[in-house]
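Q: A predicted structure for the sequence below; I have some questions about it.
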Amino acid sequence: QAEAAGRVSAGMAREAAHRLLEQQMQKELPTARQCGQCGVGPVLHAACWDLEAHQDERHGATRINNACPRCGWFSRDINDWPTWNGEMPRDADEGGLEPTRESAAAQAAAQAA
């Protein structure tokens with residue numbers, strides 16, 4: 001019973017920490033957007049409404065990629081990206097925004113087009 005209670009308590013602490021992280025991020029990123037396909041957010045697109053203008057631009061070793069980090073969806077118009085609803089993926093606090101194989105394939109196809 002003590003072990004089960006410990007798991008419940010740890011789960012409640014993780015959930016509280018996740019909600020706090022969402023609140024803090026929403027406060028710090030009031031202009032954040034989210035993916036128009038999978039809904040992941042926050043996504044930060046700043047200083048330019050035309051996301052195609054700098055797509056794949058290189059600055060030293062860095063390449064600009066304005067596609068969704070999770071699913072690879074892309075729209076050049078910032079207005080196609082909904083305002084972020086303040087919800088973060090449950091795995092975001094564990095570094096879980098790495099692109100999936102599917103998103104990498106979608107990004108490669110978009111670049112080839």
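A: Looks like it arrived, so ask away. Residues are numbered from 1 along each chain as shown.
Q: for the chain, give me the ranges with low pLDDT.
A: Applying pLDDT under 70 to the chain flags residues 1-2, 4-8, 91-113.
Q: what about the strands in this structure?
A: 58-59, 62-63 (DSSP state E).
Q: quick one: strands adjacent to the first one?
A: Here the strand partners of strand 58-59, with direction, are listed using DSSP bridges: strand 62-63 (antiparallel).
Q: so which of the strands of the chain comes closest to W81?
A: Nearest of the strands of the chain to W81, taken as CB to CB: strand 62-63 at 19.7 Å. In short, each C-beta sits where N, CA and C put it, glycine included.
Q: who's in contact with that closest one?
A: By CB atoms under 8 Å, 6 or more residues apart in numbering, the surrounding residues in contact with strand 62-63 are 56-57.
Q: now it, how far from the centre of its chain.
A: Centroid separation for strand 62-63 versus its chain: 18 Å, with CA atoms, centre = their mean, to the nearest Å.
Q: nearest residue to the middle of this protein?
A: G41 (3.9 Å; CA atoms, centre = their mean).
Q: quick one: it and E22 touch, right?
A: No - between G41 and E22 there is no contact under CB atoms under 8 Å: 10.1 Å.
Q: what are the buried residues along the longest helix along the chain?
A: In the chain, with assignment by DSSP state H, the single longest helix is helix 2-28. By neighbour count with 16 or more other CB atoms under 10 Å, helix 2-28 contains the buried residues 18, 22, 25-26.
Q: now flag whichever of the residues you listed is closest to G86.
A: Q26 (4.2 Å).
Q: nice, that's everything, thank you.
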